[in-house]
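Engineer: Quick check, what structure comes out for this input:
(chains A and B)
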Amino acid sequence: DMKVTQMPRYLIKRMGENVLLECGQDMSHETMYWYRQDPGLGLQLIYISYDVDSNSEGDIPKGYRVSRKKREHFSLILDSAKTNQTSVYFCASTIGGGHNQAPLFGEGTRLSVL
Amino acid sequence: QQKVQQSPESLTVSEGAMASLNCTFSDGTSNNFRWYRQHSAKGLEVLVSIFSDGEKEEGRFTAHLNRANLHVSLHIREPQPSDSAVYLCAVSIIRGRIFFGDGTQLVVKP
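Structural biologist: As a prediction, this is how the structure comes out:
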């Protein structure tokens, strides 16, 4: 069954702590994404990865970094989290550039930074 | 930067009545359009993808694309209460960049 898995689903951190959000897929998709979703702002692209160690900034990369050492895993890292990074984070993946197959989304990680 | 706008912001329909959602985009070179559904506190579920002008049907969901008018719509036939969700329009150009609208909140009343 094709699936994008995000861990953890819920996370509470204090301001200044480091945060690691993990995403996995078992479909050998080349392209993976990290988005955040906030009320009134919709889905905003943080980073896009075209394959292992081939990552590009999205529209709001500041305060985030990513790691993709295996095709199946794409991590989002917040070094010294800030309260304005409280959000729902979604990971997605697709074959190639995503033109012919709609990206599959995970269920999201709800992060609260206190 | 691509701008994707959806209307209406919210829509209430009765069970069985057609629901119509609209999406406009700003970049006429866009070539890949999708509608997603998002139930509360859940991920995004793709409903229909369309790549050329005209109509594409997937079950009860039909997308209409008119690139000259920078417009794509979604029509839901015989909506059910379980279709109550946020519907997101997604538009792509090149190299996998996807731009989303802010969504339409659909409520289907029994």
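Engineer: Now do the strands in the chain.
Structural biologist: Answering for chain A, as no chain was given. A:4-7, A:10-13, A:19-25, A:31-38, A:42-51, A:54-57, A:65-70, A:73-78, A:87-94, A:104-105, A:109-113 (DSSP state E).
Engineer: try again with chain B
Structural biologist: B:4-7, B:10-14, B:19-25, B:32-38, B:44-50, B:54-58, B:61-66, B:71-76, B:85-92, B:98-100, B:104-109.
Engineer: Lowest mean pLDDT across those strands, which one is that?
Structural biologist: Lowest mean pLDDT within the strands of chain B: strand B:98-100, a mean of 90.
Engineer: Is chain A within reach of it?
Structural biologist: Yes. Judged by Cβ under 8 Å from any Cβ of the partner chain, strand B:98-100 comes into contact with chain A at B:98, B:100. Just so you know, the C-beta spots here come from the backbone N, C-alpha and C atoms, and that holds for glycine as well.
Engineer: for that strand, packing partners?
Structural biologist: Under the contact criterion of 3 or more Cβ pairs under 8 Å, 6 or more residues apart in numbering or on different chains; DSSP states H and E, strand B:98-100 touches strand A:42-51, strand B:85-92.
Engineer: close to chain B, is stretch A:35-46?
Structural biologist: Yes. Counting by Cβ under 8 Å from any Cβ, chain B is contacted by stretch A:35-46 at A:40-43, A:45.
Engineer: Of all those residues, the one with the weakest confidence?
Structural biologist: A:Gly40 (79).
Engineer: Ramachandran angles for it?
Structural biologist: phi 80, psi -10 (degrees, to the nearest 10).
Engineer: Give me the pLDDT for the closest residue to it other than its chain neighbours.
Structural biologist: Excluding the flanking residues, the one nearest A:Gly40 by Cβ to Cβ, 6 or more residues apart in numbering or on different chains is B:Asp102, at 7.4 Å. pLDDT, B:Asp102: 92.
Engineer: Tell me which residues touch B:Asp102, please.
Structural biologist: Listed by Cβ atoms under 8 Å, 6 or more residues apart in numbering or on different chains, the contact set of B:Asp102 reads A:40-42, B:5-6, B:9.
Engineer: go on, B:Glu55?
Structural biologist: B:62-65.
Engineer: how does it look with 6 Å?
Structural biologist: Applying Cβ atoms under 6 Å, 6 or more residues apart in numbering or on different chains to B:Glu55 gives the contacts B:His64.
Engineer: quick one: it from chain A, how far?
Structural biologist: In this view, B:Glu55 and chain A are 18 Å apart by Cβ to the nearest Cβ, to the nearest Å.
Engineer: Residues in a beta bridge with that residue, which ones?
Structural biologist: Taking DSSP bridges as the rule, B:Glu55 bridges to B:His64.
Engineer: Could you report the neighbour count for the closest residue in space to B:Gly103 that isn't next to it in sequence?
Structural biologist: With Cβ to Cβ, 6+ apart as the criterion, B:Gly103 has its nearest non-adjacent residue at 4.3 Å, and that residue is B:Val86. By other Cβ atoms under 10 Å in any protein chain shown, the residues close to B:Val86 number 19.
Engineer: Report the separation between B:Val86 and A:Tyr50.
Structural biologist: 29 Å (Cβ to Cβ, to the nearest Å).
Engineer: residues contacting the residue nearest the centre of chain A?
Structural biologist: Centrality entry for chain A: nearest residue to the mean C-alpha point is A:Trp34, 2.8 Å, by Cα atoms, centre = their mean. If a contact means Cβ under 6 Å, 6+ apart, then A:Trp34 has A:46-47, A:76, A:91 as its contacts.
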